[in-house]
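> When you get a sec, could you give me coordinates for this:
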Amino acid sequence: MDILVDKAGHSINAIRALSMDAVEKAKSGHPGTPMALAPMGYVLWMRHLRHNPKNPEWFDRDRFVLSAGHASMLLYSLLFLTGYDLSLEDIKNFRQWGSKAPGHPEKAPGIETTTGPLGQGFMNAVGMALAEAHLAARFNREGFDIVNHRTYVVCSDGDLMEGASHEGASLAGHLGLSKLTAIYDDNRITIEGNTSLATSDDVSKRFEAYGWHVRNLGDSANDIEKLSAALASAKEEKERPTLIIVRSHIAYGAPHAHDTKEAHGSPLGESEVAAAKSFFGWPQDPKFLVPQDVLDHMREAVETGEDLEKRWQEKRSAFGKAHPDLAREFEDALKGDLPDDWDCAMPRFSADEGSIATRAASKRVLDGFSSKIPWLIGGSGDLAPSTLAVIKDSGDFGKGQYQNRNIHWGIREHVMCAASSGIALHGGLRPYASSFFIFTDYARPAIRLAAMMRLPVIYVMTHDSIGLGEDGPTHQPVEHLASFRAMPDICIIRPADANETAYAWRAAMERRDGPTMLVLSRQSLPILDREKYAGAEGLLRGAYVLSKEKNHPQIILVGSGSEVHLLLAAKDELEKEGLDSRVVSMPSWELFRQQDPRYREEILPRGAKKLSVEAGSTFGWCEWATESIGLSRFGASAKGGDNFQNFGFSVSHIVERAKKMR
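Coordinates of the predicted model:
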């Protein structure tokens, strides 16, 4: 055995030992998969992955996603050993309060995305590969491949059992994302036992049917040369994404835990750890041993990575001289800063135009600024004719047409939103994703993780209430506003008319520290007379006084979206009966919470009687209102106007309730 193989074997066993020790000390975790995949992790990170441990954000690095997030100690061991800002002390504090090594990977330097819910990382990786393909098509020129990197994703049996993986794999194969390589850890063990309990898929045939290049390596998880050759062959594939199937053995080296379900989600126990270390020829003590020769060898990744980035920076500089205008566009895309005049062509809507659905107003707004933001990219889950979220001056993104900005996700809300997160994580692009509001039920896991990572994804969700009409309760979101308002770090905006919609887009584009969801109407809404009422710029503060009281408000009517114009009409009726009232448009609770307490008190003073009106669940409105008109049941199949009338969203009902509150 030559010295290189000796170093490799010693390093691989160091990864295994670190993983066992960390899980054992924490008395919690998943030791088996890191032990099984240590050879693949070593080969990928030391021989193939283009990365710079001293600059994890280097743009043209390869992306590595551990979709099998339960194997987090594999990633933490690789990060520490190759020289990232993760210390041995962090690993010793695995899964503890404040540790930089939490139970499942969370976005941080060297960790591309938060993973854990199975299938999500796989779909994130599809988005990263999609982003690379788009930017390469836009900016690369002969002799200047300044965007030229790969995306690697390690996935498990659980990732591929989750139906979301079908969406990601199908789309990636259809688009021919050849710089995407998935490594399938075929260890055949889940929490309940062998995978034969629940599945008998032929994964090779499945992915071949998707249009992938498949390399099934069989029982070769410890053959580092065979693993390396498979990774090299993936780089040669120019038309298809690649799946490398590795038959591994969970808790390899542990005599009793080997190939058992217990090794998936529990510490091995001291005696089993001792036996495994003996098998590997590893000292029993000290715990968390990292021999200097291993550290010296694996820290070679630092010098290699710095050299890779240096050469890329030199190419980038030469590109700037050869193509100065294109280079400036590239720099702008990487920064993502909005140009000073980005919103100068946004439409202003006049009350004389009558009525317009906020989804239609959104299209006109998007048409007005999308050409100013060439790094804006997005699409719909087969609903663009209805959601109208289309970039008018661009063609369709597709195989051979990667430079275009309109993505057809198909009927795949899972991957639409998870891959949009991947696009945002990749950098250089600002993604939006569009569907009917009801179908966020499919996308919710991805949206939740986007909020957790504070990704600036924009969701354009239409058909927002019982007002969509005859499609009935299956398509009418009732509880959705309440549920997303309960989700931390996402901003929900439900505009009342076309001009509020324009400001909603402004708020979304200017927000960089989390996702924003625009919730838009199917039905036409009156364009409010802004000479009579307050200007729509109040939307940027979350809530504002749309129509003032004459003297002192005896009641405040507050609502969002399609119900606001009803509040204005109710105010007129109340005035006829001598009841002085105020109307507050409240399109975004989250933006309102960000305002200083004095402003919030000015808009919704404590002690004042407040009636909220919104065509959805009343859950949560007690924070702002004394009483609420809303829904506590599902909708109905009928004309939208009939639904509003029959469910109590009428001027007469609002007036009646307000009078009772005097």
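
> domain parsing for the chain?
3-305, 351-526, 538-660 (automatic domain parsing).

> you'd agree L79 is up against L86?
Yes. Assessed by Cβ atoms under 8 Å, L79 is found in contact with L86 at 4.4 Å. All C-beta atoms are positioned from the backbone trio N, CA, C, and that covers glycine.

> intersection of neighbour lists for those two?
G110 (Cβ atoms under 8 Å, 6 or more residues apart in numbering).

> Strands of the stretch 551-662 of the chain, residue ranges please.
Ranges of strands in the stretch 551-662 of the chain, per DSSP state E, counting those that start in this stretch, are 555-559, 581-585, 610-617, 627-631.

> Extract the C-alpha trace of the third one and format it as PDB.
Provided in PDB are the C-alpha atoms of strand 610-617 (Å, rounded to 0.1, in the frame of the first residue of the first chain):
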ATOM      1  CA  LYS A 610     -61.500  47.600  16.400                       C
ATOM      2  CA  LEU A 611     -63.300  45.200  14.000                       C
ATOM      3  CA  SER A 612     -61.200  43.200  11.600                       C
ATOM      4  CA  VAL A 613     -62.700  41.900   8.300                       C
ATOM      5  CA  GLU A 614     -60.800  39.300   6.300                       C
ATOM      6  CA  ALA A 615     -62.000  36.400   4.100                       C
ATOM      7  CA  GLY A 616     -60.000  33.800   6.000                       C
ATOM      8  CA  SER A 617     -59.500  32.400   9.500                       C
END
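
> what residues does it touch?
With Cβ under 8 Å, 6+ apart, strand 610-617 has contacts from 465-467, 477-482, 555-563, 566-567, 604, 618, 621, 624-632, 644, 647, 649, 654, 657-658, 661.

> again, 7 Å this time
The contact list for strand 610-617, computed with Cβ atoms under 7 Å, 6 or more residues apart in numbering, reads 465-467, 477-479, 481-482, 555-560, 562-563, 566-567, 604, 621, 624-631, 649, 654, 657-658, 661.

> And stretch 368-380, by the same measure?
By Cβ under 7 Å, 6+ apart, stretch 368-380 touches 134, 329, 333, 336, 339, 341-343, 345-347, 387, 389, 391-393, 405-409, 423, 428-435.

> Write a PyMOL command that selects only the buried members of these.
A single PyMOL command selects the buried members of the contacts of stretch 368-380 (16 or more other Cβ atoms under 10 Å):
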select buried, resi 134+333+336+342+343+346+387+389+391+405+406+407+408+409+423+428+429+430+431+432+433+434+435
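
> Sitting in strands, which of the contacts of stretch 368-380 do you find?
Cross-referencing those against strands under DSSP state E gives N406, I407, H408, R430, P431, Y432, A433, S434, S435.

> quick one on the thing from earlier: need the domains of the chain in CSV (columns: mean pLDDT and distance to A322).
CSV is the format used below for those (pLDDT from 0 to 100; distance: least, Cβ to Cβ, whole Å):
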stretch, mean pLDDT, distance to A322
domain 3-305, 97, 7
domain 351-526, 98, 19
domain 538-660, 98, 42
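
> Quick one: closest of these to R316.
Among the domains of the chain, the nearest to R316 by Cβ to Cβ is domain 3-305 (5.6 Å).

> Now do the phi/psi pair for L79.
phi -60, psi -50 (degrees, to the nearest 10).

> Contacts only, for it.
So L79 contacts L86, G110 (Cβ under 7 Å, 6+ apart).

> Could you rerun that using 8 Å?
Per Cβ under 8 Å, 6+ apart, neighbours of L79: P53, L86, G110, I111.

> what's the farthest-apart pair in those?
P53 and I111 (12.5 Å).

> thinking again about what came up before, compare the contacts of L79 and tell me which is most surrounded.
Neighbour tally across the contacts of L79 (other Cβ atoms under 10 Å): the maximum, 26 neighbours, falls on P53.

> Thanks a lot, catch you later.
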